[in-house]
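> Can you look at this prediction? I've put the sequence above it.
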Amino acid sequence: MSDGGVNLDDFGDLIERPSARLRRQAEERRARVGVPPKALGRLDEIGAWLAAAQGRVPVAPIERPRAVLFAGDHGIASLGVSARPPGGATALVRDTLDGVSPAAVLARQAGVPLRIVDLSLDCHADELPADVSRHRVRRGSGRLDIEDTLTAEEAEQAFRTGMAIADEEADSGTDLLVLGDISVGGTTAAGVLVAAMCGTDASMVTGRGGLHIDDLTWMRKCAAVRDGLRRARPVLGDQLRLLGAVAGADLTAMTGFLLQCAVRRTPVVLDGVVSVACALVGQRVAFRAPDWWLAGHASGEPGQAKALDRMAMEPILDQNVTVGEGTGALLALPLIRAAAALAAELPEADRDVDVAT
């Protein structure tokens, strides 16, 4: 529990695992389908996971997915830890709103509504549509190496905002959520969270970012993660204080979003190192929560790989996609939809037919 009004201990009581009974029923039904066992590979596993998450056998098709991208700028970017300029996330948001970013193209191609939530972009709020900026907590997050990225009040506000967005999506009938981020400096904050949670040092979690950085920039980024880690370790036992210390408003909101999605029994597809780092914090809050999340892809970031290993998650895709912004998770969506369709529509075979041949 934190000193704020959010009692993180409640999530441990509120979050239940997807139904193991229905997962077994889905696996038993799959065994009666006229397709040889293991012939569909990972799709069978995803189909059974969906049955447990949906609470029904056979699985229902994925009909109302939605991508939610949390946006923010991080003060640590002023140290030159990114190939993008400090405050550059606003331009990325505009590209997505204009439909010219990779995530926007993929979402449009898949017929998936895409929602952007500004938590801490470094621009005037009125420069963006009201539905994007209405949840803003502050303009930019603090420098995680020398100061808290958020005040205690801002951390609680951001966390509650993430919870509220999860409730809005669940109430609207969304049946699968794709989670991503649009940030500059966000992978540095994510690296601090992963290193703190996994008890490792900065060099083991510091990657090259979505826009590849050179060796000198990597060294600056690694030093920033190291300095942030010194500030994170003393508050590791209080996850809300940890988020306020080093995560910024966008990552704090994403953590609240993931936990509340688990409360509302709404499955989520994770994207790169930022969303996976938030998931790792969420696991520390409520150990059952990761059962509601799928790892969409391997981004190549060492911090993401370490966090996924800690949560025993295997990414669906590994295509060397490093662009971020929900792109890798959106690429995984057609496979998840295919798994649902196969689990729902393949007929059970005649009992006299040997499906193993």
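Alright, I've got the coordinates.
> All the helices of the stretch 201-350 of the chain, residue numbers only.
In the stretch 201-350 of the chain, the helices defined using DSSP state H, counting those that start in this stretch lie at 215-232, 239-246, 248-263, 273-285, 302-310, 327-345.
> name the helices or strands packed onto the second one?
For helix 239-246, the helices and strands in contact under the criterion 3 or more Cβ pairs under 8 Å, 6 or more residues apart in numbering; DSSP states H and E are helix 152-171, helix 186-198, helix 215-232, helix 248-263, helix 273-285. Placement of C-beta: from N, CA and C, glycine included.
> Now find how far off-centre the second one is within its chain.
When you say that, I think you mean helix 186-198. 14 Å (Cα atoms, centre = their mean, to the nearest Å).
> Go ahead and flag the most central residue of this protein.
Residue closest to the average C-alpha location in the chain (Cα atoms, centre = their mean): Ser275, at 3.0 Å.
> Surely that one is in contact with Ser183?
No: using Cβ atoms under 8 Å as the test, Ser275 is too far from Ser183 to be in contact (10.9 Å).
> What mean pLDDT does stretch 46-63 get?
Per-region confidence: stretch 46-63 scores 96 on mean pLDDT.
> Mind putting the helices of the stretch 201-350 of the chain into CSV with mean pLDDT and distance to Ala39?
Converted to CSV, these look like this (pLDDT from 0 to 100; distance: least, Cβ to Cβ, whole Å):
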stretch, mean pLDDT, distance to Ala39
helix 215-232, 97, 43
helix 239-246, 98, 42
helix 248-263, 98, 32
helix 273-285, 98, 30
helix 302-310, 97, 26
helix 327-345, 97, 11
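> hmm, back to that, can the helices and strands packed on helix 239-246 go into JSON lines with extra columns for distance to Asp309?
Formatted as JSON lines, the entries for these read as follows, by distance: least, Cβ to Cβ, whole Å:
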{"stretch": "helix 152-171", "distance to Asp309": "25"}
{"stretch": "helix 186-198", "distance to Asp309": "9"}
{"stretch": "helix 215-232", "distance to Asp309": "18"}
{"stretch": "helix 248-263", "distance to Asp309": "18"}
{"stretch": "helix 273-285", "distance to Asp309": "10"}
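> Out of the ones you listed, flag the one nearest Arg32.
Nearest to Arg32, of all the helices and strands packed on helix 239-246, is helix 248-263, at 30.8 Å by Cβ to Cβ.
> by how many degrees do that closest one and helix 152-171 diverge?
Helix 248-263 runs at 40 degrees relative to helix 152-171, counting by axes from the mean of the first three to the mean of the last three Cα atoms, to 10 degrees.
> Okay, buried residues for helix 248-263 please.
Within helix 248-263, the residues that qualify as buried by neighbour count (16 or more other Cβ atoms under 10 Å) are 248-263.
> Same question for stretch 262-270.
Using 16+ other Cβ under 10 Å as the test for burial, stretch 262-270 gives 262-264, 266-270.
> ditto for stretch 228-240
For stretch 228-240, the neighbour count (16+ other Cβ under 10 Å) marks 228-229, 231-232, 235, 238-240 as buried.
> Turn those into a markdown table, including distance to Thr327.
Converted to a markdown table, those look like this (distance: Cβ to Cβ, whole Å):
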| residue | distance to Thr327 |
| --- | --- |
| Gly228 | 26 |
| Leu229 | 28 |
| Arg231 | 31 |
| Ala232 | 28 |
| Val235 | 32 |
| Asp238 | 33 |
| Gln239 | 28 |
| Leu240 | 29 |
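> Tell me the one of these nearest Asp44?
Compare each of the buried residues of stretch 228-240 with Asp44 using Cβ to Cβ and the shortest gap goes to Gln239, at 34.6 Å.
> Help me confirm that that closest one comes into contact with Val6.
No: assessed by Cβ under 8 Å, Gln239 is found out of contact with Val6, at 9.8 Å.
> residues touching Val59, list them.
The neighbourhood of Val59, defined by Cβ atoms under 8 Å, 6 or more residues apart in numbering, consists of 26, 47, 50-51, 340, 343-344.
> if you set the cut-off to 6 Å instead, what comes out?
With contact taken as Cβ atoms under 6 Å, 6 or more residues apart in numbering, Val59 is in contact with 47, 50-51, 340, 343-344.
> and the residue nearest to it when sequence neighbours are not counted, what is it in contact with?
Excluding its sequence neighbours, the residue lying closest to Val59 (Cβ to Cβ, 6 or more residues apart in numbering) is Ala343, at 4.2 Å. Contacts of Ala343 were listed using Cβ under 6 Å, 6+ apart, and they are 47, 58-59.
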